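Undergrad: I need the structure of the sequence given here:
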Amino acid sequence: MGVSGGPLAPQFHVLMRDMILRRHALLLLSLLLAGPAAAQEAPATGGSMIGRIFDATGLRAPPPPSADFVRQSRPGELDYAPLTPAPAQSRKKTAAEMEASGAQLDRAIADNKRKAARVKIPN
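TA: This is a model prediction of the structure:
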């Protein structure tokens, strides 16, 4: 009697299924544990890896020195306007300015209430 028939056939299939599940679990666990380790050794970006390849093969060379007339025409320190907007400077108000703003708001409230009193409400 072989494995395909007889009293041991169901047990054999259960054992094989358990063994396959254990192998898959071990493989999944090893992949999960190896992922962070491989990420630590990998370059930070793909661009840095490409740059190292270009440097190693000599495809990327340093730029040639500037011509004499170019160096003479440029000032020692370049003055340029930054492309980013200047940060907004916050100006805190003094106590007197805050009181003046409060008085102005109080006058606006009184004026609006006076105007609202003149409005006739239709029936």
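
Undergrad: mind showing which ranges of the protein have poor pLDDT?
TA: Applying pLDDT under 70 to the chain flags the ranges 1-9, 36-46.

Undergrad: biggest helix in it by residues?
TA: helix 9-41 (DSSP state H).

Undergrad: any idea how far that one is from the chain center?
TA: 34 Å (C-alpha atoms, centre = their mean, to the nearest Å).

Undergrad: same question, stretch 68-86
TA: 32 Å.

Undergrad: span of that stretch from start to end?
TA: 35 Å (C-alpha to C-alpha, to the nearest Å).

Undergrad: what do you get for stretch 85-104?
TA: Stretch 85-104 has an end-to-end distance of 33 Å (C-alpha to C-alpha).

Undergrad: give the buried residues for stretch 54-62.
TA: By 16 or more other C-beta atoms under 10 Å, stretch 54-62 has no buried positions at all. For glycine as for every other residue, the C-beta is placed from the backbone atoms N, C-alpha and C.

Undergrad: which residues touch it?
TA: In this structure, residues lying in contact with stretch 54-62 by C-beta atoms under 8 Å, 6 or more residues apart in numbering are 51, 53.

Undergrad: for Thr94, give me its contacts.
TA: No contacts exist for Thr94 under C-beta under 8 Å, 6+ apart.

Undergrad: cutoff 10 Å now
TA: Ala100 (C-beta atoms under 10 Å, 6 or more residues apart in numbering).

Undergrad: what about it, distance to Ala100?
TA: Taking C-beta to C-beta, to the nearest Å as the measure, Thr94 falls 9 Å from Ala100.

Undergrad: equivalent analysis for Leu78, please.
TA: Following C-beta to C-beta, the distance that separates Leu78 from Ala100 is 46 Å.
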